[in-house]
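>>> pasted the sequence and its predicted model underneath.
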Amino acid sequence: MKTEQKRAEMIKEISGVNPLKCMKCGKCSASCPSYNEMDIKPHQFVSYVINEDIESLVQSKSLWKCLSCFACVERCPRDVKPGKLIDAARQIVVREKGQDYLTPDEIPELLDPDTPQQLLVSAFRRYRR
């Protein structure tokens, strides 16, 4: 099995999503608050996973522009959950680096009075494993 295919299968496994159910209606992208910041939109992200073009996803700024608000998950009529695919792709990147994305020592320098604490706790829980 080639590397891109393995990465696509890993994204599907981590997310628990079947991207083949997507009918490309665009409701996920229409509800995305980060839509204007993304180079690959949520509905396009699903196609990239289907086509096993994971390297393009990893290199895109969309991977890190996603707010993980899951508005796309709520709006999807086919239960495809593009936000979960994006989250799974992030986890692949972190795992391939072979290191923690966040360590407890790095958190204080990231603190900003406008950053919700729930976001920091969620990010730490997700990326420390």
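Yep, it's here. Numbering: from 1, shown residues only.
>>> mind listing what's buried in stretch 66-83?
Judged by neighbour count using 16 or more other CB atoms under 10 Å, the buried positions of stretch 66-83 are 66, 68, 70-73, 75-76, 80-83. All C-beta atoms are positioned from the backbone trio N, CA, C, and that covers glycine.
>>> quick one: Cys32 and Pro42 touch, right?
Yes. With contacts counted by CB atoms under 8 Å, Cys32 reaches Pro42, the gap being 5.4 Å.
>>> pLDDT weak spots in the chain?
Scanning the chain for pLDDT under 70 picks out 1, 99-104, 107, 110, 120, 123-129.
>>> any idea which helix is longest in it?
As assigned by DSSP state H, the longest helix anywhere in the chain is helix 82-97.
>>> distance from that one to the middle of the chain?
5 Å (CA atoms, centre = their mean, to the nearest Å).
>>> who are the packing partners of it?
Here helix 82-97 touches helix 3-15, helix 42-50, helix 54-59, helix 62-65, helix 71-75, helix 117-127, going by 3 or more CB pairs under 8 Å, 6 or more residues apart in numbering; DSSP states H and E.
>>> run through who's touching that helix.
7, 10-12, 14-17, 19, 22, 28, 42-43, 45-46, 49, 54, 57-58, 62-64, 66, 68-73, 76, 100-101, 126-127 (CB atoms under 8 Å, 6 or more residues apart in numbering).
>>> go again with 7 Å.
If you take CB atoms under 7 Å, 6 or more residues apart in numbering as the criterion, helix 82-97 is touched by 7, 10-11, 14-17, 19, 28, 42-43, 45-46, 49, 57-58, 63, 66, 68, 70, 72-73, 101, 127.
>>> now, of these, which are buried?
For those, buried by 16+ other CB under 10 Å: 7, 10-11, 14-15, 17, 19, 28, 42-43, 45-46, 49, 57, 63, 66, 68, 70, 72-73, 101.
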